[in-house]
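>>> predicted coordinates and the sequence they were generated for:
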Amino acid sequence: MSAAITINPYEIRQISQPDTVSQSRLRSIAQNTEALATAVENKWEDFSDGERELLKALIYASIINQDGNQGFFASLRTRLSLAWMLICGETDVLTDYFNALIRLKNAVLGAIEREHPDYEQTMAEVVQEALAKSGDNPAMTPDEFCEWLSSVSD
């Protein structure tokens, strides 16, 4: 069964490496990325194996530092375009774009994590351990919290 969103490899590449950056194009990419993140969060199991692998490759490529001149110059061109948008004061669309990328990355990594066969058991053990430890620690009073907050802010 295929997910509600058809994954186009060109659009996937545009998410992580837009060739040219204009405010309207970046807004469109951000909206598509948000929609894709929503689909990953809600219907990861409905994606085909190929679609999942494509998304995993996109996320892993965004995490791993790309070396080489070709990648450097393509990245430089994109960064200069994004810098120009900042100079022109178009920060809202940049914020939307980067937030969408972060959401997609978290959605895919979360889906990969949940696919692991030991995920449910490990999470149950972690929650039980945290609950057991929370009984050993008395709650902080409001005065203690204010004191701690003051010490942190100094």
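Structure received. Numbering: from 1, shown residues only.
>>> ok, residues contacting the longest helix seen in the chain?
Using DSSP state H to define each element, the chain has its longest helix at helix 91-115. If you take Cβ atoms under 8 Å, 6 or more residues apart in numbering as the criterion, helix 91-115 is touched by 15-16, 23, 26-27, 29-31, 33-34, 36-37, 40-41, 44, 52, 55-56, 58-59, 62-63, 82, 85-86, 119. All C-beta atoms are positioned from the backbone trio N, CA, C, and that covers glycine.
>>> so is Met85 in a helix, a strand, or just coil?
Reducing the assignment at Met85 to three states with DSSP: H, G, I helix; E, B strand; the rest coil gives helix.
>>> need the per-residue pLDDT for it.
For Met85, the model assigns a pLDDT of 72.
>>> circling back: of all the residues in the longest helix of the chain, which ones are buried?
93-94, 96-97, 100-101, 103-105, 107-108, 111-112 (16 or more other Cβ atoms under 10 Å).
>>> distance between it and the chain's centre?
2 Å (Cα atoms, centre = their mean, to the nearest Å).
>>> with that, I have no additional questions.
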